[in-house]
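S.K.: Fold the stuff below for me.
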Amino acid sequence: MKLIGKKLRRWLWTIFKPRKPDIPVYFISGMCYNCKVFDSIILPEGYCKKYIEWIIPEPDMSLAQYAHKMAESIDANHDFVLVGYSFGAVIMQEMNRFLHPMKNIIISSFKDEKEIPLLFKAVKKTHLAKRIPLSTYSHTEFIVDAFNRLVYKKPTETLSEYMTVTDPLYMKWAVEAITQWAPANRCPNLYHIHGTKDQIFSYGQLTDVYPIEGGDHLMVLKDADAVSSILKKILSSAK
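M.R.: As a prediction, the model looks like this:
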């Protein structure tokens with residue numbers, strides 16, 4: 001009878017024991033993209049997705065101020081993970097100046113001065129981004145469509161549900177921010193997932209990455225299963 005009672009108590013404990021809450025994984029998307037790009041990504045058990053959507057910056061807002069504003073939705077009193085995709089990885093790394101995530105995960109971006117694309121360096125050196133007037137970004141549809149067709153080889157219609165953050169003030173600010181930014185110190189517990197065919201950040205310039213063979217800059221959409229698989233490996237690791 002005592003054995004039966006012990007087994008019964010164990011069984012009841014497995015059913016009614018308090019369940020640890022899932023650890024939130026906060027995702028920040030790429031420039032102009034909303035967080036729907038992450039909808040097909042699946043996290044391992046024990047983690048849940050949280051989205052941090054872009055906000056329109058105030059005039060002359062610094063990158064540091066913007067990162068603080070974006071971080072307002074993060075509950076820093078409990079364990080959490082940050083994932084930054086493309087420009088979102090820049091914001092994520094800025095957040096590490098005042099936040100302490102369990103892990104930081106970069107997708108399709110850069111983390112070191114040696115990884116900055118030559119185009120970005122040229123724009124920074126010539127101050128080109130600052131010279132482009134805000135009125136130029138009023139022709140958002142033309143700029144976005146030209147970029148999508150030349151770089152991604154896709155018509156804008158196929159990406160329209162994701163490319164919704166195209167306010168001219170945001171676009172000018174974001175272009176200036178990403179081309180002027182240089183990593184200062186590498187974030188702790190940093191992981192980097194990158195496609196070998198990325199059109200923006202050349203795979204050949206990178207170090208210490210989890211490669212996705214044939215993945216391009218849109219792999220969060222095109223190769224969500226492969227990204228999910230690597231995220232599972234990273235989140236399940238003890239480090």
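S.K.: from here on, contacts and neighbour counts on C-alpha atoms
M.R.: Noted.
S.K.: Low-confidence regions, the chain specifically.
M.R.: Scanning the chain with the threshold set as pLDDT under 70 gives 1-19, 139-140, 142-143, 150, 238-239.
S.K.: looking at the sheet around the residue most central in space within it, what are its partners?
M.R.: Note on the chain: the residue nearest the mean C-alpha position is Gly84, at 1.8 Å, using Cα atoms, centre = their mean. Beta-bridge partners recorded for Gly84 (DSSP bridges): Ile28, Ile106.
S.K.: Please report how far the residue lying closest to Pro168 once chain neighbours are set aside lies from Asp216.
M.R.: Excluding the flanking residues, the one nearest Pro168 by Cα to Cα, 6 or more residues apart in numbering is Tyr137, at 4.8 Å. Note on Tyr137: its distance to Asp216, by Cα to Cα, to the nearest Å, is 26 Å.
S.K.: higher neighbour count, these two?
M.R.: Using other Cα atoms under 10 Å as the criterion, Tyr137 and Asp216 rank with Asp216 on top: 23 against 19.
S.K.: residue contacts, the more buried one?
M.R.: Going by Cα atoms under 8 Å, 6 or more residues apart in numbering, Asp216 touches Gly195, Thr196, Lys197, Asp198, Gln199.
S.K.: Assign it to helix, strand or coil.
M.R.: coil (DSSP: H, G, I helix; E, B strand; the rest coil).
S.K.: Likewise for Lys197?
M.R.: Under three-state DSSP, Lys197 comes out as coil.
S.K.: Going by neighbour count, which of the contacts of Asp216 are buried?
M.R.: Listed as buried from the contacts of Asp216 are Gly195, Thr196, Lys197, Asp198; burial here means 16 or more other Cα atoms under 10 Å.
S.K.: Pretty sure Ile200 sits against Pro117.
M.R.: Yes: here Ile200 reaches Pro117: they are 7.4 Å apart, a contact under Cα atoms under 8 Å.
S.K.: so how far is Lys153 from the residue nearest to Val81 when sequence neighbours are not counted?
M.R.: In this structure, Val81 finds its nearest non-sequential neighbour in Val25, 4.6 Å apart by Cα to Cα, 6+ apart. Distance from Val25 to Lys153, counting by Cα to Cα: 31 Å.
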